[in-house]
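1. my questions concern the predicted model and sequence given below.
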Amino acid sequence: MKNPISPDSLAQLFSNAQTAHAFLPHTMSDAEIKALYDAMKWGPTAFNACPARFVFLRSPEAKKRLLPALSPGNVPQVESASVTVIVAHDTKFYEFLPELFPAYDAKPIFESNPTAAADAAFRNGTLQGAYLIMAARALGYDCGPMSGFDPAKVNAEFFADGRYQANFLLNIGVADAKGVYPRNKRLDFGVAAQLL
Ligand SMILES: Cc1cc2nc3c(=O)[nH]c(=O)nc-3n(C[C@H](O)[C@H](O)[C@H](O)COP(=O)(O)O)c2cc1C
C-alpha cells in the first residue's frame, strides 16, 4: 500500500474541516477554479461516466440569478462565497460513454433504461460533488454545501432545456469564523457501522 498522508493533511480534509456558513472577501481566479476541477475530476464514477456538471457562479450578476431559488438563510452565504457551484448532473451522460469508457459499450444500458440512467446520474453525480468538497479542502479552501433551495427554479433559470438537473449547491471560499458553528458529534462506529 501507499504511504498514508500526514496527520495534518488528514485533519485538513476531515477532523479540522468544518462547514462554512459565512465567507471573508476573497476571489478565485479562472486558473484556480480550473485547478480545482482538474483535481476533483479523477474521483471514480461507475463506468467512468462522470455525470456531474458544474456551474461556477462567481460574478454578482451570476449569483443574482440564483438568489430567488434560495432559502432565505442561504442568501448571505452565497453572496459572501468566492464562488457558488451548482452541482448538477447530465441526464444524458451516457452519450459520453464511448469516449470515457471505450473498453465496453455501456451506453445502451442507460440509453434504454431511464430509471437506471437517473439512478446512475444521481449517485455518481453526488459522489463527484463530494469529491469537489474534498478537493477544495485539499487545496486550502473552505466549503459550505447547501440543499436549501428550490431545484425547479434553479433548473428553469440555468438548465432551461431540461438536460441538466441541479443536485446541490456548494459555496467555496475562505471561512469567516463567525459562520463556523460549534461542531456536532458524529455517530460512533458501533452505531453507523458493522464489522462482519
Ligand atoms: C448536502 C448538504 C446540504 C446542506 N444544506 C445546508 C443548507 O441549505 N444551509 C446551511 O446553512 N447548511 C447546510 N448544510 C450544512 C450542514 O448542516 C453541515 O455540513 C453539517 O451540520 C456539518 O457541519 P460541520 O462540517 O461544521 O461539522 C448542508 C450540508 C450538506 C452536506
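-> Perfect, thanks for sending it.

2. ends of stretch 52-72, what's the gap?
-> 26 Å (Cα to Cα, to the nearest Å).

3. in CSV, list the C-alpha atoms belonging to the helix or strand where G190 lies.
-> Take DSSP states H and E as the rule and G190 turns out to sit in helix 189-192. Extracted C-alpha coordinates of helix 189-192, given in CSV (Å, rounded to 0.1, in the frame of the first residue of the first chain):
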residue,chain,number,x,y,z
PHE,A,189,-18.5,3.3,14.8
GLY,A,190,-20.8,0.8,16.6
VAL,A,191,-23.9,2.7,15.6
ALA,A,192,-23.0,3.6,12.0
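
4. which other residues reach it?
-> Identification of contacts with helix 189-192 by Cβ atoms under 8 Å, 6 or more residues apart in numbering yields R186. C-beta here means a position set from N, CA and C on the backbone, and glycine is covered the same way.

5. run the last query once more with 10 Å
-> R186, L195 (Cβ atoms under 10 Å, 6 or more residues apart in numbering).

6. list the buried residues of it.
-> For helix 189-192, a neighbour-count test (16 or more other Cβ atoms under 10 Å) marks nothing as buried.

7. next, count neighbours for the closest residue in space to D105 that isn't next to it in sequence.
-> Counting by Cβ to Cβ, 6 or more residues apart in numbering, D105 lies nearest to P98, which is 7.2 Å off, once chain neighbours are set aside. The number of residues packed around P98, counting by other Cβ atoms under 10 Å, is 12.
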